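Student: whatever this is, show me its structure:
(one chain, ligands or ions: 2)
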Amino acid sequence: MLALKIAATVHISVLGSFHPVQFELQPAKGQILVVESQGRTELVQAERTVPLTGPAKVAGRNGAMVHFLLGAPGVAPREYIGRLEVRRSGSELLAIVEMDRETAVAAIVEAEGAAGLPFEARKAQAVVTRSYLAGAHNRHQGFDFCDNEHCQLLKGLAHPAGAGSRAALETRGQVLVYKGEVIPAMYSANCGGHTKSLAQTKWEGAAIPQPGYPYFSVACPLRGKPSGHGVGMCQLGAITIAEHGYPAHIILGHYFPGTTVEAVAMAAPNTAAVGRSQISAVPTIHPPQVAGPVHAASAGRTMSPVHAANEALTASVGRGARAAQ
Ligand SMILES: [Zn+2]
Ligand SMILES: [Zn+2]
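Tutor: Ligands and ions are numbered 1, 2, ... in the order given. Predicted coordinates:
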């Protein structure tokens with residue numbers, strides 16, 4: 001049996017789309033920040049806001065994760081929990097937050113979905129996001145992901161009682177597995193009626209290395225103008241399936257034939273022991289096409305239970321997370 005483990009934290013560069021040359025840092029209420037910059041260590045607490053104009057490291061006491069707000073001149077501060085490192089990148093500054101993977105999953109699920117989405121679609125998004133974070137690390141030099149559409153959207157901490165946090169919690173540790181490996185699951189906003197296999201795209205997996213998972217073209221209940229690369233889960237289609245009463249594992253089984261949803265323990269840093277338990281084989285709406293030739297799983301099939309889908313669906317989803325563009 002394979003010992004599947006995924007790292008407990010992920011490094012995400014934040015606010016980079018604002019091209020900051022200075023950050024403004026503030027501790028969250030009741031927090032104390034340990035700020036190291038220019039060879040000095042300073043404690044920052046209470047309502048104080050400190051400017052960061054060069055390389056710096058920020059954590060709680062003893063290097064613990066800490067809750068803080070980070071903004072820039074003209075940029076509203078966003079909340080994060082983690083450890084911050086500020087680096088120079090040309091004439092700009094990069095802010096890289098090392099955060100707990102589940103914190104990141106909740107934040108991304110919240111940022112990727114508009115309010116009022118069906119909860120099962122959120123849960124499917126949470127499993128896809130966790131798989132993507134686990135499987136597609138090091139998308140950038142020196143850190144894993146950015147917080148915009150290049151990688152996936154993340155706009156700061158999810159509200160603890162919000163749908164993003166609940167979806168992360170209810171799917172805690174669950175990832176999509178194919179032939180014993182976590183797949184860096186891709187998704188796009190609207191496939192236009194059929195999702196694409198990797199072979200049908202131009203990049204054939206070059207955008208994100210895939211451990212052998214070919215993706216499949218599956219019928220989607222939603223038609224309309226395609227938006228995004230069309231590989232993996234269709235966000236609007238997932239919403240439609242959820243609106244017809246299907247749970248997250250049916251949505252995942254539909255868009256990722258041949259995979260299973262498995263729960264992996266998060267590895268603590270420098271901890272080797274990680275368990276794995278298979279919690280469910282994902283039922284598929286259609287007979288599974290496991291590991292067949294890619295076009296064997298090709299289009300032309302219908303989604304019987306979902307076929308009467310609401311084509312006029314107008315729910316909006318996050319604009320980011322094309323995960324491979
Ligand atoms: Zn990126
Ligand atoms: Zn679709």
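
Student: any idea what residue 83 is bridged to?
Tutor: For residue 83, the beta-bridge partners under DSSP bridges are residue 98.

Student: do the one 4 residues further on as well
Tutor: Residue 87 forms beta bridges with residue 94, as assigned by DSSP bridges.

Student: ditto for residue 260
Tutor: With DSSP bridges as the rule, residue 260 is bridged to residue 177, residue 281.

Student: gap between it and residue 145?
Tutor: 25 Å (CB to CB, to the nearest Å). Bear in mind the C-beta positions are built from the backbone N, C-alpha and C, glycine included.

Student: for residue 44, same thing?
Tutor: Using CB to CB, one gets 27 Å for the distance from residue 44 to residue 145.

Student: so these two - more neighbours on which side?
Tutor: residue 145 (25 against 17; other CB atoms under 10 Å).

Student: show me the contacts for that one.
Tutor: By CB atoms under 8 Å, 6 or more residues apart in numbering, the contact set of residue 145 is 10, 11, 12, 13, 133, 136, 137, 139, 151, 152, 154.

Student: could I have the buried ones of those as ChimeraX selection syntax?
Tutor: Here the buried members of these are turned into a ChimeraX selection, burial being counted by 16 or more other CB atoms under 10 Å:
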select :10,11,12,13,133,136,137,139,151,152,154
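
Student: beyond the longest helix seen in the chain, next helix or strand please.
Tutor: Ranked by residue count and defined by DSSP state H, the top helix of the chain is helix 119-135. Heading C-terminal from helix 119-135, the first helix or strand you meet, by DSSP states H and E, is strand 145-146.

Student: quick one: average confidence on that following strand?
Tutor: For strand 145-146, mean pLDDT is 94.

Student: and it, how far out from the chain middle?
Tutor: Mean-position distance between strand 145-146 and its chain equals 10 Å (CA atoms, centre = their mean, to the nearest Å).

Student: next secondary structure after it?
Tutor: Next in sequence after strand 145-146, counting helices and strands by DSSP H and E, comes helix 163-170.

Student: what about the closest residue to residue 91 other than its chain neighbours, distance to residue 197?
Tutor: Counting by CB to CB, 6 or more residues apart in numbering, residue 91 lies nearest to residue 21, which is 6.7 Å off, once chain neighbours are set aside. With distances taken as CB to CB, residue 21 is found 43 Å from residue 197.

Student: which one's more surrounded, the two?
Tutor: In this view residue 21 and residue 197 are compared by other CB under 10 Å, and residue 197 has more residues nearby, 22 against 12.

Student: I'd say that one and residue 218 touch.
Tutor: No - contact criterion CB atoms under 8 Å: residue 197 and residue 218 do not qualify, at 9.3 Å.

Student: residues of the protein that sit close to ligand 2?
Tutor: Taking CB under 5 Å from the ion as the contact definition, the chain meets ligand 2 at 191, 220, 222, 234, 237.

Student: could you dump the residues you listed to TSV with neighbour count?
Tutor: Shown next, in TSV, are the residues of the chain next to ligand 2 (neighbours: other CB atoms under 10 Å):
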residue	neighbour count
191	29
220	27
222	23
234	31
237	32
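
Student: in the longest helix of the chain, which residues are buried?
Tutor: If you call a residue buried by 16+ other CB under 10 Å, then helix 119-135 has these buried ones: 120-135.

Student: out of these, which touch ligand 1?
Tutor: With CB under 5 Å from the ion as the criterion, the buried residues of helix 119-135 include none near ligand 1.

Student: if we only consider the residues you listed, which is nearest to residue 112?
Tutor: Closest to residue 112 out of the buried residues of helix 119-135 is residue 125 (6.0 Å), distances taken as CB to CB.

Student: now do the contacts for the residue in the stretch 1-150 of the chain that ligand 2 sits nearest to.
Tutor: Going by CB to the ion, ligand 2 is nearest to residue 121 of the stretch 1-150 of the chain, at 12.2 Å. Contacts for residue 121 (CB under 8 Å, 6+ apart) come out as 113, 235, 238, 239, 241, 242, 248, 251.

Student: let's go with 10 Å and repeat that
Tutor: Each residue near residue 121 by CB atoms under 10 Å, 6 or more residues apart in numbering is listed here: 109, 113, 163, 167, 233, 235-243, 246, 248, 251, 315, 317.

Student: just these: which are in strands?
Tutor: Among the contacts of residue 121, the members found in strands (DSSP state E) are residue 233.

Student: can you turn the buried subset of the contacts of residue 121 into a selection I can paste into ChimeraX?
Tutor: Applying 16+ other CB under 10 Å to the contacts of residue 121, the buried members can be selected in ChimeraX as follows:
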select :109,113,163,167,233,235,236,237,238,239,240,241,242,243,246,248,251,315,317
